[in-house]
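Participant: When you get a sec, could you give me coordinates for this:
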Amino acid sequence: MSREKVRNKSAKKKATSYFDYNLLFIIIFLIGFGFVMMYSTSSYNAQIKFGDSAYYLKKQMLASGIGIVVMLFVTFMDYHIWRRFAPVAYIGSIILILLVLSPLGMTINGARRWIGIGTSLSFQPAEAAKLGLIVFLAYFIERKSKSIRRVGTYIMLLMFTGIIAGMIYVITDNLSSAIIVAGIGFVMLFVASPKYSHFIVTGVIAIAGFVLLMLFEGIVKGSFRFDRIVVWLNPEKYPQEGGFQVLQALYAIGSGGILGKGLGNGIQKLGFVPEAQNDMIFTIICEELGLIGAIAVIGMFVFMIWRFMIIANNAPDLFGSMLVVGVLAHIAIQVVLNIAVVTNTIPNTGVTLPFISYGGTSVVFLMMEMGMVLSVSRRIRYEE
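Facilitator: Residues are numbered from 1 along each chain as shown. Presented below is the predicted three-dimensional model:
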């Protein structure tokens with residue numbers, strides 16, 4: 001056999017495709033676990049409100065089904081196609097947020113954060129904006145990779161992030177989503193730029209700005225967010241007001257113990273923890289499955305983030321790597337904020353637990369993000 005043939009054979013061996021089945025398993029597990037906890041958590045309230053104990057479960061399964069189809073479609077697309085739509089995704093995110101102010105804007109549970117026609121055809125623009133920002137920043141960072149050290153480029157990227165985060169906060173009055181968007185941009189820039197001094201200055205300015213904003217809202221506007229900080233510092237002092245949800249959540253966590261009361265045997269979901277299937281679902285996990293169940297759920301998210309890191313490190317190009325880093329930042333920030341809120345580590349704010357909390361818009365866009373990550377993993381080549 002000639003040397004040329006041997007070379008060709010070895011080259012063929014090296015061009016083996018990769019697909020992250022570990023990540024796919026985690027996604028499927030979290031969705032399935034979410035269905036189980038959704039029914040356990042929401043069946044009582046659903047029966048009282050709608051006469052159907054599986055009402056929330058059915059809606060979540062429908063949204064998840066749509067999300068899975070979207071994920072599979074995006075997975076088998078070449079992720080480089082997102083480059084073409086990156087500016088459109090950014091501008092489209094701005095337009096969607098502005099539509100909240102139009103007749104299409106909807107008020108649900110006292111907050112005007114949705115657009116759509118009727119409650120069955122509504123979604124939150126903030127969820128689309130998270131995805132749009134990830135795609136756009138990945139595209140822009142790749143284009144400006146040689147000048148990323150420059151202060152001008154860094155400030156420009158911060159401005160792109162700040163515009164979306166600021167619009168979400170001002171127009172939809174959704175501070176939690178604004179924080180997540182800002183965090184996504186910060187993490188992507190941190191990974192892309194070697195100039196760590198930029199981030200120290202940005203971090204100090206961001207913290208100072210946030211403190212001033214909260215003081216302004218509390219003193220000048222008399223905002224409910226300032227009240228939440230007061231309640232957070234001493235929830236026992238406000239047991240029938242702002243501290244009710246926090247205290248009930250802590251009772252649920254504490255009563256679960258090490259092993260929990262058993263799946264379906266929780267008490268706090270029976271009207272004590274308001275809307276337990278949404279932001280506070282982790283408290284019911286702690287109550288019914290105990291500390292062991294809570295650690296298992298956190299462990300799955302940690303494993304998911306580790307898979308993201310592996311895919312990002314082995315991505316064929318900077319664009320693919322930044323896409324995965326953006327999704328990693330989104331999941332990590334949202335999980336940390338949700339668990340921090342339910343354990344009263346930080347003041348109460350509306351942040352869902354990815355894949356598990358109730359929310360059709362959230363799960364569809366999360367599945368689209370998972371599809372992008374899996375698409376990047378499909379382009380990885382490894383040596384046999």
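Participant: list the helices and strands the particular helix or strand that has residue 292 in it packs on?
Facilitator: Element membership of residue 292 [criterion: DSSP states H and E] is helix 281-314. Using 3 or more C-beta pairs under 8 Å, 6 or more residues apart in numbering; DSSP states H and E, the elements in contact with helix 281-314 are helix 21-50, helix 243-256, helix 318-342, helix 360-378. Backbone N, C-alpha and C define where each C-beta goes, glycine included.
Participant: could you give the angle of it to helix 243-256?
Facilitator: Helix 281-314 runs at 80 degrees relative to helix 243-256, counting by axes from the mean of the first three to the mean of the last three C-alpha atoms, to 10 degrees.
Participant: and the residue nearest to residue 331 when sequence neighbours are not counted, how many neighbours?
Facilitator: Distance criterion C-beta to C-beta, 6 or more residues apart in numbering; nearest residue to residue 331, sequence neighbours excluded, is residue 354 at 5.6 Å. By the measure other C-beta atoms under 10 Å, the count of residues near residue 354 is 22.
Participant: check contacts around residue 354.
Facilitator: With C-beta atoms under 8 Å, 6 or more residues apart in numbering as the criterion, the residues that contact residue 354 are 30, 301, 331, 334-335, 362, 366.
Participant: who's in contact with the longest strand along the chain?
Facilitator: Among all segments of the chain classified by DSSP state E, the strand with the greatest residue count is strand 111-116. Where contact means C-beta under 8 Å, 6+ apart, the residues beyond strand 111-116 that reach it are 96, 99-100, 102, 104-108, 122-126, 172-174.
Participant: ok, back up a step: next one: the helix holding residue 292 to chain centre, how far?
Facilitator: Helix 281-314 has its C-alpha centroid displaced from the chain centroid by 14 Å (C-alpha atoms, centre = their mean, to the nearest Å).
Participant: How about stretch 344-362?
Facilitator: A distance of 8 Å separates the centroid of the chain from that of stretch 344-362, by C-alpha atoms, centre = their mean.
Participant: Name the residues of it that are buried.
Facilitator: Along stretch 344-362, these residues count as buried under the neighbour rule (16 or more other C-beta atoms under 10 Å): 344, 347-362.
Participant: Just give the strands next to the longest strand of the chain in its sheet, each with its orientation.
Facilitator: As defined by DSSP bridges, the strand partners of strand 111-116 come to strand 105-108 (antiparallel), strand 122-123 (antiparallel).
Participant: Reformat the ones you listed as TSV; add mean neighbour count and mean pLDDT.
Facilitator: Shown next, in TSV, are the strands paired with strand 111-116 (neighbours: other C-beta atoms under 10 Å; pLDDT from 0 to 100):
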stretch	mean neighbour count	mean pLDDT
strand 105-108	15	75
strand 122-123	18	75
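Participant: and of these, who's closest to residue 60?
Facilitator: When the strands paired with strand 111-116 are compared for distance to residue 60 using C-beta to C-beta, the nearest one is strand 122-123, at 14.3 Å.
Participant: Need the residues that contact the closest one.
Facilitator: Contact partners of strand 122-123, identified using C-beta under 8 Å, 6+ apart, comprise 106, 108, 114-116, 360-361, 364.
Participant: at 6 Å what do you get?
Facilitator: 106, 114, 116, 361 (C-beta atoms under 6 Å, 6 or more residues apart in numbering).
Participant: Kindly indicate which of those lies nearest residue 192.
Facilitator: Taking the contacts of strand 122-123 together and measuring to residue 192 by C-beta to C-beta, the closest member is residue 361, at 28.3 Å.
Participant: For that closest one, which non-adjacent residue is closest in space?
Facilitator: In this structure, residue 361 finds its nearest non-sequential neighbour in residue 123, 4.0 Å apart by C-beta to C-beta, 6+ apart.
Participant: So what pairs up with that neighbour in the strands?
Facilitator: residue 115.
Participant: what helix or strand does the residue lying closest to residue 129 once chain neighbours are set aside sit in?
Facilitator: Using C-beta to C-beta, 6+ apart and skipping residues adjacent in sequence, the residue nearest residue 129 is residue 93, 4.0 Å away. Element membership of residue 93 [criterion: DSSP H and E] is helix 81-98.
Participant: Counting neighbours, which bits of that helix end up buried?
Facilitator: By neighbour count, and taking 16+ other C-beta under 10 Å as the criterion, the buried residues in helix 81-98 are 82, 86, 89-90, 92-93, 96-97.
Participant: Dump those residues into CSV; add distance to residue 131 and pLDDT as well.
Facilitator: Shown next, in CSV, are the buried residues of helix 81-98 (distance: C-beta to C-beta, whole Å; pLDDT from 0 to 100):
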residue, distance to residue 131, pLDDT
82, 10, 92
86, 11, 92
89, 7, 92
90, 11, 93
92, 10, 92
93, 8, 91
96, 11, 90
97, 13, 90
